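K.L.:
predicted structure and sequence below. I'll ask about it afterward.
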Amino acid sequence: MEKMNDLYKINRERFLDNYRVTENILKSTEKNKVKIIAQWLVDNQSVGPSQESNVEIINYYSKYLKKDKTLLDFALEWIRAQKIRSRYMLHLIKTHFPSNNSNLVIDYFISSFFLKYNKILRDIFKDTIQEYELSALLDIIFASEREQNFIFENHMEKHKNNPQCPTLFKGSERIDTSILTLRSGLASIIKRDYESRVQIPP
């Protein structure tokens, strides 16, 4: 069984080698790197619902990437999130909590699976990224599937207008809002996953 510490590790070089193969195939007909990465995520990694949707998401968050981070760094974090989701789902299926205690379920899985990843994800972005933008991104990369007729702009507005989503600054200092942002982005996903989980034999 995979150790918890290994949950957050990905074979970066293997994924990059795989990407280069796709890039070499597509670059004769497609010059836009974002579109190539978006297509690679869909076709080779089963990440994202479509190239078009992935392009919109990558383009939006690319403006917040730190100078030493690339579009591929962002793509690899999306892949890492899928690995974490798979392990989280296996654990969730086997876990039982007292009925009608969704807050306990949410907090347990956030602390067990997503809190450490939050630090990894934030490390690729500048401090100017807003908390609602991180909340929206968490919702995107950990959702089991994109809702029908997903409109990125509407998705962002939903998180921007969510009263549970924290603000970025208090006065002139940034405050640690990690838990609040994780709950804002993931609470509904975790609750839905737990309530609809498939029971498996012990």
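P.N.:
Sure thing, it's come through.
K.L.:
show me the contacts for the closest residue to residue 187 other than its chain neighbours.
P.N.:
Nearest non-adjacent residue to residue 187, counting by C-beta to C-beta, 6 or more residues apart in numbering: residue 106, 5.0 Å away. Yep, even glycine has a C-beta here, placed from its N, CA and C like the rest. By C-beta atoms under 8 Å, 6 or more residues apart in numbering, the residues touching residue 106 are 183, 186, 187, 190, 191.
K.L.:
drop anything exposed from those.
P.N.:
With burial judged by 16 or more other C-beta atoms under 10 Å, the buried subset of the contacts of residue 106 is 183, 186, 187, 190.
K.L.:
for this protein, which segments count as strands?
P.N.:
169-170, 173-174 (DSSP state E).
K.L.:
pLDDT averaged over the first one - what is it?
P.N.:
Right, the one you point to is strand 169-170. Averaged across strand 169-170, pLDDT comes to 58.
K.L.:
do the same with the last one
P.N.:
Strand 173-174 shows a mean pLDDT of 66.
K.L.:
also stretch 45-65?
P.N.:
92.
K.L.:
and which of the buried ones among the contacts of residue 106 is nearest to residue 51?
P.N.:
Taking C-beta to C-beta as the measure, residue 51 lies nearest residue 186 of these, at 25.5 Å.
K.L.:
need the nearest residue in space to the closest one, chain neighbours excluded.
P.N.:
In space, residue 186 is closest to residue 138, 5.6 Å off (C-beta to C-beta, 6+ apart).
K.L.:
would you confirm that that neighbour contacts residue 185?
P.N.:
Yes: shown here, residue 138 and residue 185 form a contact pair, counting by C-beta atoms under 8 Å, at 3.1 Å.
K.L.:
look at the two and report which has more neighbours.
P.N.:
Neighbours per residue (other C-beta atoms under 10 Å) separate residue 138 from residue 185, with residue 185 holding more: 28 against 23.
K.L.:
tell me who's in contact with the more buried one.
P.N.:
By C-beta under 8 Å, 6+ apart, residue 185 lies in contact with 134, 135, 136, 137, 138, 139, 142, 159.
K.L.:
widest-spaced pair of those residues?
P.N.:
The largest separation in the contacts of residue 185, counting by C-beta to C-beta, is between 142 and 159 at 13.4 Å.
K.L.:
ok, longest helix in the chain?
P.N.:
For the chain, the helix with the greatest residue count under DSSP state H is helix 71-94.
K.L.:
for that helix, enumerate the helices and strands it packs against.
P.N.:
Other elements packing on helix 71-94 under the criterion 3 or more C-beta pairs under 8 Å, 6 or more residues apart in numbering; DSSP states H and E are helix 12-26, helix 33-45, helix 51-62, helix 102-109, helix 115-122, helix 131-142, helix 178-195.
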